[in-house]
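Engineer: Below are the sequence and a predicted model for it; my questions follow.
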Amino acid sequence: MVTFTCNACGDSVKKDKVDTHYRTKCPECNVLSCIDCGKDFAGEGYRAHNSCISEAEKYQGALYKPKDKANKGDIKQQQWLTNVHLAKATIKDPKMKSALDKISKYQNVPRKQKKFINFAKNSLKIYDEAFLGVCVSTIRTSQHCSVLCACMLRFQHVSYSSAIVHMSTTCSVVA
């Protein structure tokens with residue numbers, strides 16, 4: 001969780017408590033500084049600051065050497081979010097398209113079905129578990145189609161637009 005310092009009153013505020021801080025304690029606050037990296041965020045700019053430097057980076061300074069492997073969880077999450085957007089673009093059912101549109105606005109969409117259903121119930125107020133199961137399978141289907149289209153692009157030297165057309169015509173799931 002990212003923590004900021006209010007430049008007006010000096011309080012330390014966690015990201016999820018910034019709005020409350022603005023409304024109740026310090027309405028004249030207009031700049032927040034990240035405690036870890038020291039960057040200043042004016043107005044609503046703090047919302048885009050989701051992750052920061054690690055403790056190793058902060059305290060080792062120039063001696064810090066990053067690990068060879070990127071964070072696998074972040075890579076998987078970005079791929080999952082890409083699949084949500086692909087499913088949204090290829091789906092034909094208006095109810096499903098609306099749900100996927102709401103889901104695509106979040107950065108923390110769970111990949112496992114049980115957690116996804118719980119997330120959708122709590123965050124999106126969608127309570128139909130069967131429908132949510134179809135949503136998950138639709139996103140997974142778009143994942144397989146995106147891999148197929150990537151292979152088409154790499155090995156068959158087809159254009160990007162023809163791969164997208166192929167994906168939207170043959171890979172889309174009509175729920």
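Structural biologist: Here it is on my side, so go on.
Engineer: And Thr5, its phi and psi?
Structural biologist: phi -110, psi 130 (degrees, to the nearest 10).
Engineer: how near is it to Pro66?
Structural biologist: Plainly put, Thr5 is 26 Å away from Pro66 if you go by Cβ to Cβ, to the nearest Å. Where you see a C-beta, it was placed from the backbone N, CA and C, and this is true even at glycine.
Engineer: And those two? Which one has more around it.
Structural biologist: Thr5 (16 against 9; other Cβ atoms under 10 Å).
Engineer: In terms of pLDDT, where does the more buried one sit?
Structural biologist: With respect to pLDDT, Thr5 scores 88.
Engineer: Could you do Ala150 as well?
Structural biologist: At Ala150, the predicted lDDT confidence score is 53.
Engineer: do Lys114 as well
Structural biologist: Listed pLDDT for Lys114 reads 92.
Engineer: ok, now the one 5 residues further on?
Structural biologist: Phe119 is assigned 91 on the pLDDT scale.
Engineer: what residues are up against the most centrally placed residue in the chain?
Structural biologist: In the chain, the centroid-proximal residue (Cα atoms, centre = their mean) is Gln107; its distance is 2.1 Å. Gln107 makes contact with Asn50, Gln77, Leu81, according to Cβ atoms under 8 Å, 6 or more residues apart in numbering.
Engineer: so where's this protein shaky on pLDDT?
Structural biologist: 55, 68-70, 143-175 (pLDDT under 70).
Engineer: ok so, going back, and the contacts of Gln107, which of them are buried?
Structural biologist: Those of the contacts of Gln107 that meet the buried threshold are Gln77, Leu81, by 16 or more other Cβ atoms under 10 Å.
Engineer: Among the contacts of Gln107, which ones are in strands?
Structural biologist: Under the assignment DSSP state E, those contribute nothing to strands.
Engineer: from the contacts of Gln107, which ones fall inside helices?
Structural biologist: Gln77, Leu81 (DSSP state H).
Engineer: where does the residue nearest to the centre of the chain fall, phi/psi-wise?
Structural biologist: According to degrees, to the nearest 10, Gln107 has phi -100, psi -10.
Engineer: Thr141 touches Ala87, doesn't it?
Structural biologist: Yes. Applying Cβ atoms under 8 Å as the test, Thr141 and Ala87 come out as touching, 7.3 Å apart.
Engineer: Compare these two and say which is more crowded by neighbours.
Structural biologist: Each of Thr141 and Ala87 has its neighbours counted (other Cβ under 10 Å); Ala87 has more, 29 against 19.
Engineer: isn't the more buried one right up against Ser137?
Structural biologist: No. Ala87 is beyond contact range of Ser137, at 9.7 Å (criterion: Cβ under 8 Å).
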